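> Okay, structure incoming, though there's no sequence with it:
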């Protein structure tokens with residue numbers, strides 16, 4: 001293990017291997033366990049992939065290289081991250097590690113941020129005046145980590161676990177390490193319907209009733225299956241929808257067809273939401289005298305609900 005303070009404009013020294021005290025080992029193992037737990041949740045995103053061969057090689061050296069190769073890779077990866085940071089990115093502690101968890105070897109980086117109001121903590125830690133074990137209580141707790149990347153022997157070649165809570169603003173972290181993150185399967189379903197609507201406004205309403213008749217799978221597999229049920233989704237439109245999904249910020253590689261999709265109609269401060277197949281059937285009409293009209297017909301008496 002080794003660590004370095006990372007912030008915009010910093011120039012870290014070449015890393016040195018650090019002793020791992022029992023408290024630190026427990027702390028890091030809990031972080032690793034929490035990250036790996038995301039892979040078994042029903043709606044977990046598929047493992048990310050490296051789209052940068054150099055970055056993949058650096059993580060490979062973290063995983064299986066000699067101590068010198070480990071430290072050289074840490075030095076490069078740390079500088080790559082700092083280059084991506086700016087005044088809006090929070091400083092933190094980048095921990096680089098390699099460990100055995102059961103029969104598996106795991107290696108990677110965790111970027112931890114100070115969650116207690118102690119601005120000097122990271123500087124003191126970097127200077128060696130404070131041990132890492134003494135300040136784990138002011139760092140992100142296991143399960144709350146937002147930025148981490150791990151490779152493991154039980155992951156397919158080129159695959160990497162990347163922090164599941166990364167927001168758009170935190171995209172600098174996977175970008176620094178050449179990592180491409182994929183959407184959750186449920187988010188993939190929403191992306192599918194967004195692409196269908198961009199391709200043809202009437203397609204979502206025709207697809208929604210038959211979506212669960214198609215096996216979950218890759219966008220291509222799902223579109224082919226839907227094409228046999230909805231003639232309007234011909235091969236040309238399937239290619240168009242697939243292209244739209246591939247260009248998303250988080251590409252879709254798995255669509256969960258068992259999950260219902262919700263749509264909304266936004267009219268000023270009013271929001272009408274419900275299953276896509278129902279919402280898409282609600283007419284939206286422009287009135288001759290100006291303005292718009294949304295008419296909802298239901299066999300049940302509508303109820304007002306306040307929150």
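Right, received. Where do you want to start? Please read all numbers here as calculations on a predicted model, not as lab measurements.
> Skipping adjacent residues, who's closest to residue 154 in space?
Closest residue to residue 154 apart from its sequence neighbours, by CB to CB, 6 or more residues apart in numbering: residue 104 at 5.3 Å. In this view, the C-beta of every residue, glycine as well, is placed from N, C-alpha and C.
> burial of the closest residue to residue 294 other than its chain neighbours, as a residue count?
Computed as CB to CB, 6+ apart, the closest residue to residue 294 that is not its neighbour in sequence is residue 284, at 5.6 Å. By other CB atoms under 10 Å, the residues close to residue 284 number 10.
> Touching, residue 284 and residue 272? I think so.
No - using CB atoms under 8 Å, residue 284 is not in contact with residue 272; the gap is 10.2 Å.
> Common neighbours of these two, please.
Common contacts of residue 284 and residue 272 (CB atoms under 8 Å, 6 or more residues apart in numbering): 265, 294.
> now the residue nearest to residue 154: how far from residue 241?
38 Å (CB to CB, to the nearest Å).
> and if you look at residue 112?
40 Å.
> what about residue 300, which SS state?
coil (DSSP: H, G, I helix; E, B strand; the rest coil).
> What mean pLDDT does the longest helix seen in the chain get?
As assigned by DSSP state H, the longest helix anywhere in the chain is helix 67-84. Computed over helix 67-84, the mean pLDDT rounds to 96.
> what's the following helix or strand past that helix in contact with?
Next helix or strand after helix 67-84 toward the C-terminus (DSSP states H and E): strand 92-101. Residues from elsewhere that reach strand 92-101, judged by CB under 8 Å, 6+ apart: 1-7, 15, 28-29, 32-33, 36, 62-63, 70, 73-74, 77-78, 81, 105-114, 122, 125, 139, 147, 152.
> quick one, helices of the stretch 151-300 of the chain?
172-176, 185-199, 203-207, 219-227, 235-246, 276-279 (DSSP state H, counting those that start in this stretch).
> So for residue 258, which of these sits nearest?
helix 185-199 (9.0 Å; CB to CB).
> hey, where'd the strands end up in this protein?
Here the chain has its strands, by DSSP state E, at 2-6, 48-50, 92-101, 104-112, 147-152, 159-162, 179-180, 262-267, 270-275, 284-286, 292-294.
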